[in-house]
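> When you get a sec, could you give me coordinates for this:
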Amino acid sequence: MTAGTDSALTDTSRRCIVQKFGGSSVASAELIQRVARRIAATHAKRGRVVAVVSAMGDSTDELISLAHKVNPAPPSREMDQLLSTGETITAPLMAMALERLGVPAISLTGLQAGIRTSSVHRSARIVDIVPQRIIDELERGRVVVVAGFQGVDEALDITTLGRGGTDTTAVALAVELSAERCEIYTDVAGVYTADPRVEPRARLIPEIAYEEMLEFAAVGAKVMHPRAVEIGETYSMPIVVRSTFEDQPGTLICQHPAMEDRQKIRGIAHDSGVAKVILTRVPDRPGIAAAVFGAIGKAGINVDIIVQNVSHDGFTDLSFTIAEEDLSRSRPVLEEVAREVQAEQVVADTGIATVSVVGTAFLGTPGMFARIFDALSAQGINVEQITTSQIHVTVIIARDRVADAVRALHAEFELEHD
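Prediction:
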């Protein structure tokens with residue numbers, strides 16, 4: 001990606017706004033019409049709008065389920081061909097809704113929008129964007145509706161960007177078009193101190209730095225995809241997260257939030273869509289970890305928390321977490337690598353979840369770890385594994401205790417208070 005397109009759009013007075021609408025925002029014909037009215041209002045005020053849309057509602061999950069009924073191990077290339085149709089359906093429907101309102105609009109696929117990606121199916125990365133078609137259509141006064149989550153590789157095969165990929169499409173397009181900002185519309189009013197559906201006392205965060213938001217997203221906050229935040233930070237693109245269904249200012253993600261007397265713990269994130277994989281009795285010798293994670297990486301599977309137990313008799317257990325949705329396609333890779341490194345067996349545990357405390361308080365503040373574990377212990381919650389960074393602590397716990405853990409930690413750090 002480049003830092004912006006040399007075009008008329010770089011003129012500050014004529015810069016566009018990129019608006020992204022998630023699946024829950026476009027889940028029905030009525031909701032598509034509602035979103036179209038919001039886009040139309042922005043178009044009337046600003047004149048230049050690029051709308052990036054997700055697949056309708058749960059249609060992506062339905063397509064995944066359908067594919068696995070046809071073939072329990074569907075080829076990744078064919079899955080990309082299939083899954084990209086969700087966004088390709090939403091985009092023309094949105095353009096139709098806009099046209100009905102008297103707003104000239106055109107829908108574009110990832111290919112037509114000029115989105116070029118790597119060739120790793122199901123989790124491709126954007127390599128470049130050539131947005132000339134978008135620029136031309138904006139010059140003609142049209143709203144451009146882009147199908148998110150997708151692009152094409154060098155062979156013109158359709159690729160998808162992985163879960164949350166529409167966020168990545170939107171922010172990347174905003175950067176390439178030198179947009180004024182990127183607005184992410186979702187079913188919540190912005191970024192909260194915890195998921196308000198789990199902790200009703202969670203508080204909206206008006207402004208948050210890219211670094212903190214990246215940690216939030218990386219450890220499970222579903223409101224933004226980590227890669228989208230990373231692109232925003234790299235190119236200093238302001239990102240606003242707000243509700244599709246309410247007229248609220250939302251949360252601004254930016255480089256330098258307004259100075260404020262704020263808590264050093266910013267929030268609690270959780271992720272129930274993870275699985276733990278354990279390779280038992282792995283020979284404890286140099287090169288084993290490289291062989292294991294090299295094979296997983298080549299398969300396009302992201303690994304998160306890694307723990308290697310203390311060696312006994314020259315053997316150890318190696319465990320790590322992956323997205324639960326990647327478990328089925330990772331099994332053949334894991335079984336093969338287990339044979340290569342002479343591990344005893346591969347064990348998968350899907351009854352787990354991660355809960356993370358995010359904030360700068362861990363930098364030189366004694367006692368923070370004790371507060372986390374005391375709060376969990378008081379609820380009888382057992383911690384299976386722990387990982388830390390400079391601004392977050394993540395624990396693996398039983399999946400059925402996630403809500404209890406989130407509420408306990410939110411209360412411990414008094415995050416309901418402004």
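
> For the stretch 1-150 of the chain, which segments count as strands?
Along the stretch 1-150 of the chain, counting by DSSP state E, counting those that start in this stretch, strands occupy 17-21, 49-53, 105-108, 115-117, 126-129, 143-147, 150-152.

> out of these, nearest to Asn71?
Closest to Asn71 of the strands of the stretch 1-150 of the chain, according to C-beta to C-beta: strand 150-152, at 21.1 Å. In short, each C-beta sits where N, CA and C put it, glycine included.

> And the strands in the stretch 151-300 of the chain?
All strands of the stretch 151-300 of the chain, identified by DSSP E, counting those that start in this stretch, fall at 158-160, 181-186, 207-209, 239-243, 251-254, 265-271, 274-283.

> So what touches the fifth one?
Judged by C-beta atoms under 8 Å, 6 or more residues apart in numbering, the contacts made with strand 251-254 from elsewhere in the structure are 190-191, 204-210, 213, 224, 229, 232, 238-242.

> next one: that strand to chain centre, how far?
16 Å (C-alpha atoms, centre = their mean, to the nearest Å).

> That one: partners in the sheet, and parallel or antiparallel?
Taking DSSP bridges as the criterion, strand 251-254 forms sheet pairs with strand 207-209 (parallel), strand 239-243 (antiparallel).

> residues near Lys20, how many?
28 (other C-beta atoms under 10 Å).

> ok, now the one 5 residues further on?
Under the neighbour criterion other C-beta under 10 Å, Ser25 is assigned a count of 23.

> Pull the contacting residues for Phe293.
Counting by C-beta under 8 Å, 6+ apart, Phe293 makes contact with Val303, Ile306, Phe320.

> so what's the second one up against?
What it means is Ile306. With C-beta under 8 Å, 6+ apart, Ile306 has these contacts: Phe293, Leu318, Ser319, Phe320.

> which one is Asp374 nearest to, not counting chain neighbours?
Distances taken as C-beta to C-beta, 6 or more residues apart in numbering place Glu412 nearest to Asp374, at 7.8 Å, with adjacent residues excluded.

> surely the one you found meets Phe373?
No - applying C-beta atoms under 8 Å, one finds Glu412 not in contact with Phe373, separated by 10.4 Å.

> Counting neighbours, go ahead and name the busier of these two.
Legend: neighbour count by other C-beta under 10 Å for Glu412 and Phe373, higher for Glu412 (17 against 14).

> how about that one, what does it touch?
Taking C-beta under 8 Å, 6+ apart, we find Glu412 in contact with Arg371, Ile372, Asp374, Ala375.
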